[in-house]
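Student: what's the 3D shape of this:
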Amino acid sequence: MTITDNEDLLIEILLYLPAKTLIRFKLVSKKWFSIISDRQFSRRHSQHRHRLSKLESSLFLRCLGDSPEYLYLQSKLQPQKSVQYHFSPSLIDPTIWSFSNGLFLLVNSSTNDEPLEYCHIYNPTTKQSKKILLNTHERFTFVIGLNLAFDPLKSPYYHIVSVRATRRRRPPSFLRGWYRYCQIEVYESGTDTWQLCGEPFLVPRDVDFNHGVYWEGGIHWDGIYFDLLESSICKHPELVELPEDAGIKNFQGNYVESNGSLHYMAHFSEENLVMVFELQSNCSQWLLKYRINLERGSEPLSVLSFIRGECEGDSMLVLCEPGKVIGYQIGEKSVKELVDFAEEQFYKAQCVQFGSDSTFQFIETLAPV
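Tutor: Residues are numbered from 1 along each chain as shown. From the prediction side, this is the model:
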């Protein structure tokens, strides 16, 4: 009797293998294909890989502008060749709107000027996708944000957090001219249903609800977050250590989840300064972790992401300059080239072609959609 004859033992061994390896192993035999393709095995594998260790995230970079290209950076952020990612051909003009633990939420980019009617949940590892129809609502007519929440350690099912807003009308007061009335609606994949959650709320019109980051059971946007368990909108604490003259126009700010912590990156381009804050687990306080002077010239530069290392000195900023993606090692205060894409067809001289809003984290997973 061999290991392959004992199905239970074989499954236990396969659980320790990376997702891409298992996809190749489907070709070994019909039995292996059946085991690895089973949705229950896919869920167990996803949970097991998350429990086993902290998984290193790869990065998808969407080219700014009208170009549809996506650049793929492997999880080992070492010098590597420029690799473009190609979505499943069944998807039409896919654009990543949200991501969470290996799954992407996609919309059709050709329908940006039309009311959203559906989205797709997509697994880049298996290239499986599922079309999700959006609800219609008489009062909260417009979908102004779609965000994905998935944590295989808490549930095998994912949620979509939709932010809906009322139709724009002439504001009856000065206050409502600067705010909009919104309602949260949540989709649960286990029941395949949408449900209105919490009470309607007012938010400033400039809050972008399409770049939320899932962390600690909540979707985090600019200054606020939605707690999925409590179905409530909460406020973030203030960033008290920002420079006194740090107006909205003076820096670019973005949230990044890395190695179990939520960070806020503030990039002051004119000063070549990046400040990285970390949110405490109870959402009570932002702590300044790094104040980084990049000491660079006048060449255009964007900050794409922050990778939190196991040790303080191992943390890294991922940056983009014309034709290159580079890594800034915070502990060593050194720069290394990660990808040179100057030979790609989409390259434009003297332009920064990737930004933080078009950078998406990705981990390999077999999680079914």
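Student: which regions of the stretch 151-300 of the chain sit below the pLDDT cut-off?
Tutor: 168-177, 244-249, 297-298 (pLDDT under 70).
Student: the same query, at a cut-off of 50, please.
Tutor: Counting by pLDDT under 50, the ranges of the stretch 151-300 of the chain that qualify are 170-171.
Student: can you give me the strands for it?
Tutor: 159-165, 179-188, 193-204, 213-215, 218-220, 224-227, 232-235, 252-258, 261-268, 273-279, 286-293 (DSSP state E, counting those that start in this stretch).
Student: which parts of the longest one are buried?
Tutor: When neighbours are counted by 16 or more other C-beta atoms under 10 Å, the buried residues of strand 193-204 are found to be 194, 196-197, 201, 203. Using the backbone N, CA and C atoms, a C-beta is placed for each residue, glycine as well.
Student: out of those, which is nearest to Ile184?
Tutor: Checking those against Ile184 with C-beta to C-beta, the nearest one is Cys197 at 4.8 Å.
Student: ok, the closest one to Gln285 distance?
Tutor: 27 Å (C-beta to C-beta, to the nearest Å).
Student: likewise Ser37?
Tutor: Using C-beta to C-beta, Ser37 is found at 46 Å from Gln285.
Student: over to Cys182?
Tutor: Going from Cys182 to Gln285 by C-beta to C-beta gives 26 Å.
Student: which one's more surrounded, those two?
Tutor: Using other C-beta atoms under 10 Å as the criterion, Cys182 and Gln285 rank with Cys182 on top: 20 against 13.
Student: shouldn't that one be in contact with Arg205?
Tutor: No - between Cys182 and Arg205 there is no contact under C-beta atoms under 8 Å: 10.3 Å.
Student: give me the helices and strands touching the longest helix seen in the chain, please.
Tutor: Secondary structure assigned by DSSP state H gives helix 39-52 as the longest helix of the chain. Judged by 3 or more C-beta pairs under 8 Å, 6 or more residues apart in numbering; DSSP states H and E, helix 39-52 is in contact with helix 7-14, helix 19-25.
Student: what's the most buried one of those?
Tutor: Scoring the helices and strands packed on helix 39-52 by mean neighbour count under mean count of other C-beta atoms under 10 Å gives helix 19-25 as the most buried, with a mean of 15.
Student: relative to the whole chain's centre, how far out is that one?
Tutor: 24 Å (C-alpha atoms, centre = their mean, to the nearest Å).
Student: list the helices and strands it packs on?
Tutor: helix 30-37, helix 39-52.
Student: to Tyr290, which of those lies closest?
Tutor: With C-beta to C-beta as the criterion, Tyr290 lies closest to helix 39-52 of the helices and strands packed on helix 19-25, at 26.7 Å.
Student: contact partners of the closest one?
Tutor: Outside helix 39-52, the residues that touch it by C-beta atoms under 8 Å, 6 or more residues apart in numbering are 11, 14-16, 18-19, 22, 35-36, 55, 101-102, 152-153, 156, 365-368.
Student: what subset of these is buried?
Tutor: 11, 14-15, 19, 22, 35-36, 55, 101-102, 152, 156, 365-368.
Student: so among the residues you listed, where is pLDDT lowest?
Tutor: Checking pLDDT across these, the minimum falls on Leu55 at 63.
Student: my guess is Leu71 contacts Cys63. True?
Tutor: Yes - Leu71 is in contact with Cys63 according to C-beta under 8 Å; the separation is 7.3 Å.
Student: where's Ser98, which helix or strand?
Tutor: For Ser98, the enclosing helix or strand under DSSP states H and E is strand 94-100.
Student: who are the packing partners of that strand?
Tutor: Applying 3+ C-beta pairs under 8 Å, 6+ apart, one finds that strand 94-100 contacts strand 58-62, strand 103-108, strand 118-123, strand 142-149, strand 359-362.
Student: and that strand, C-alpha only, in CSV?
Tutor: Extracted C-alpha coordinates of strand 94-100, given in CSV (Å, rounded to 0.1, in the frame of the first residue of the first chain):
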residue,chain,number,x,y,z
PRO,A,94,-11.7,43.7,-16.3
THR,A,95,-10.6,46.3,-13.8
ILE,A,96,-9.6,45.5,-10.2
TRP,A,97,-11.7,47.6,-7.8
SER,A,98,-10.9,45.7,-4.6
PHE,A,99,-8.9,42.8,-3.2
SER,A,100,-8.8,40.6,-0.1
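Student: per-residue confidence averaged over that strand?
Tutor: Per-residue scores along strand 94-100 average to 92.
Student: one more: stretch 323-343?
Tutor: Across stretch 323-343, the average pLDDT comes to 89.
Student: give me the contacts around that stretch.
Tutor: 61, 71, 73, 77-82, 290, 292, 294, 304, 309, 311-320, 322, 347, 349, 353-354.
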